[in-house]
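Student: below is the structure, and that's it, no one-letter string:
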């Protein structure tokens, strides 16, 4: 029997049953850590799908930094997470780095149910439009307060 080699980055043990992996960075992981991000992406196994969530607003506020990081994701085949949190619009972007979409939708609970439903309907329309333009897979994760 052949020994299976795995690293902490390898999805091999679950094989075809493992879906895409989300890598979520904290609010303090900003553009100054670009080189760390680049090195990490280069170390990822290429036989699996990854989605990266950046939460520091500097990744999105400067056009040069934004273009550089999205090019990095594209070059490594890594998707980006679109985080839709009411009241936190500084990190919401509408840029796909791969033909796959991963949305992390944060709802506001029963008190704001109507507003959440409006946002969900907007996502449904947007996704339908993107599917018509070639979007292949959609992962939509919902959190409620």
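Tutor: Cool, the structure landed. This one's a predicted model, so the numbers in the text were calculated from it and none came from an experiment.
Student: show me where this protein has helices.
Tutor: In the chain, the segments counted as helices under DSSP state H are 34-43, 58-61, 63-76, 113-132.
Student: so which of the ones you listed gets nearest residue 86?
Tutor: Closest to residue 86 of the helices of the chain, according to Cβ to Cβ: helix 113-132, at 6.8 Å. In this view, the C-beta of every residue, glycine as well, is placed from N, C-alpha and C.
Student: now do that closest one: which elements does it pack against?
Tutor: strand 100-106, strand 137-143 (3 or more Cβ pairs under 8 Å, 6 or more residues apart in numbering; DSSP states H and E).
Student: please identify the deepest-packed of the ones you listed.
Tutor: Greatest average neighbour count among these goes to strand 100-106 (a mean of 19), per mean count of other Cβ atoms under 10 Å.
Student: next, count neighbours for residue 33.
Tutor: Neighbour count for residue 33, taken as other Cβ atoms under 10 Å: 16.
Student: that one and residue 25, how far apart?
Tutor: 8 Å (Cβ to Cβ, to the nearest Å).
Student: quick one on the thing from earlier: using TSV, lay out the helices and strands packed on helix 113-132 together with distance to residue 53.
Tutor: Below are these laid out as TSV (distance: least, Cβ to Cβ, whole Å):
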stretch	distance to residue 53
strand 100-106	7
strand 137-143	11
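Student: quick revisit: could the helices of the chain be laid out in CSV, adding distance to residue 99, mean pLDDT and mean neighbour count?
Tutor: What follows is the helices of the chain, written out as CSV (distance: least, Cβ to Cβ, whole Å; pLDDT from 0 to 100; neighbours: other Cβ atoms under 10 Å):
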stretch, distance to residue 99, mean pLDDT, mean neighbour count
helix 34-43, 18, 96, 13
helix 58-61, 21, 92, 18
helix 63-76, 11, 95, 15
helix 113-132, 9, 93, 12
